[in-house]
Every structure is written in C-alpha cells, then in structure tokens.
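K.L.:
Below are the sequence and a predicted model for it; my questions follow.
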Amino acid sequence: MNTYDFDKTIFYPDSSCTFYLYCLRKFPGAVLPTAPRSLLKAAAYGRRKLPAKQLKEQLFSFLPGIGDIDAVVARFWEENKWRIAPWYLAQRKEDDIIISASPEFLLEPICRELGVRLIGTRMDKYSGRIEGENCHDREKVRRFREAFPGAHTENFYSDSLTDQPMAELADRAFLVDKNKLSPWPFESRRQDR
C-alpha cells in the first residue's frame with residue numbers, strides 16, 4: 001500500500017484554506033463574524049503561542065452557520081476536484097491511504113470518489129470542534145497504526161518534512177513540490193544501510 005499526505009501533495013494548495021475561502025464567498029454571514037478572532041489566533045499561532053488544534057477549531061467555528069454542511073462540501077468538491085494532481089490520478093490504487101491534518105468530513109467525499117481510504121482530523125462538522133488530536137506529525141503515525149495494525153507501506157508522499165515520522169514507516173518516501181517528486185532527504189542514507 002502507498003500512503004499520501006493530501007494538502008499541497010495531491011491537492012494544491014490546501015483543502016482547508018480553499019474550503020474556508022469558498023465558504024467566505026458563499027456564506028459571508030457565517031464566516032465574517034468569526035474572522036476577527038480567527039486573525040488573532042492565526043497571529044498567535046504564527047508566534048508559536050497557540051497550538052494548531054486551537055487555531056483550526058477557531059477557523060472552522062463558522063460551521064454552525066452553514067446549514068446543510070454535507071451539501072456544501074459536495075458542491076465544494078464539484079468545483080475543486082480538478083485540483084487533484086494528475087500524477088496522483090495516474091498512479092492511484094485502491095489500497096491507497098490518504099493521511100491528512102485536514103478534517104475527515106471535508107475529505108471523505110473526494111476520497112470516496114477516488115476509491116481510497118482516509119485518515120484525517122476528526123472534527124465535528126456541525127461545531128468545528130476537534131475530537132482527539134489534530135492529525136499531524138507523530139499523530140499521523142499513531143492514527144495509521146491504530147487503523148491498520150501491522151500494515152506495511154511501500155511509498156509515502158508529502159510536501160512537508162514535518163511528515164518525517166510517516167516517511168520513516170515507508171520503504172521509500174518522496175517529497176512533493178508542486179507536482180515535482182524527489183526522494184525524501186534521508187532516502188540515500190536509508191539505501192546505504
């Protein structure tokens with residue numbers, strides 16, 4: 001099996017940010033009242049004074065004002081599935097696993113359409129509250145092992161070196177930069193072992 005990060009890896013730029021901007025355009029009455037607090041928390045996060053989980057919950061705090069969130073997410077993907085990387089579509093397999101910090105409720109429809117499995121941040125789609133931890137860094141490894149105990153991953157793909165813990169689980173890992181793939185920085189050292 002192969003495992004993939006989602007945002008800026010097989011989807012560009014970032015699905016959570018793209019969805020936020022989509023909702024800002026479509027539902028300004030729900031998003032704009034939450035924006036000042038979101039900006040303050042984003043600044044605190046930028047200064048490393050706030051965990052990503054708290055920032056993400058604030059950014060998605062507009063969800064109660066949306067209404068039929070499933071219909072909104074479906075329309076979002078109708079307009080944005082073209083952003084899935086062609087290189088990924090060409091090599092996609094049914095046993096692929098997408099592992100992402102983005103909310104599961106947001107990625108579930110596109111993963112279902114692609115016919116692949118998903119591990120993401122467990123967020124209540126009605127409140128924006130995260131259940132458990134943000135699925136990032138070492139939490140990705142914990143969630144992967146929880147969902148697929150004893151599973152083996154052949155190839156891992158990500159745009160970010162913060163995914164090093166997942167890269168270490170794979171036989172081979174690749175860094176993705178706007179559709180350009182290169183071996184993970186440790187790759188040459190691993191081959192020497």
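P.N.:
Sure thing, it's come through.
K.L.:
Dump the C-alpha coordinates for the helix or strand hosting residue 164 into CSV.
P.N.:
Assigned by DSSP states H and E, residue 164 falls within helix 164-167. Coordinates of each C-alpha in helix 164-167 appear next as CSV, following Å, rounded to 0.1, in the frame of the first residue of the first chain:
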residue,chain,number,x,y,z
GLN,A,164,9.2,12.6,8.7
PRO,A,165,7.6,10.2,11.2
MET,A,166,5.3,8.8,8.4
ALA,A,167,8.2,8.8,5.9
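K.L.:
what is the mean pLDDT for that helix?
P.N.:
The pLDDT scores in helix 164-167 average 96.
K.L.:
Burial check on residue 46, number of neighbours?
P.N.:
Summarising burial for residue 46: neighbours were counted as other CB atoms under 10 Å, giving 10. All C-beta spots, glycine's among them, are computed from the backbone N, C-alpha and C.
K.L.:
pLDDT below threshold where in the chain?
P.N.:
Residues of the chain meeting the criterion pLDDT under 70: 187-193.
K.L.:
tell me what the helix holding residue 164 is packed against?
P.N.:
helix 138-147, strand 153-158 (3 or more CB pairs under 8 Å, 6 or more residues apart in numbering; DSSP states H and E).
K.L.:
Outside of it itself, which residues are in contact with it?
P.N.:
In this structure, residues lying in contact with helix 164-167 by CB atoms under 8 Å, 6 or more residues apart in numbering are 3, 5, 99, 137-138, 140-141, 144, 156, 158, 173, 184, 186.
K.L.:
need the residues you listed in TSV with distance to residue 65, can you?
P.N.:
Putting the contacts of helix 164-167 into TSV (distance: CB to CB, whole Å) gives the following:
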residue	distance to residue 65
3	35
5	30
99	30
137	31
138	34
140	30
141	35
144	34
156	37
158	33
173	40
184	41
186	45
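K.L.:
Make a PyMOL selection of the buried ones in these.
P.N.:
Selection command for PyMOL covering only the buried members of the contacts of helix 164-167, criterion 16 or more other CB atoms under 10 Å:
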select buried, resi 3+5+99+137+140+141+144+156+158+173+184
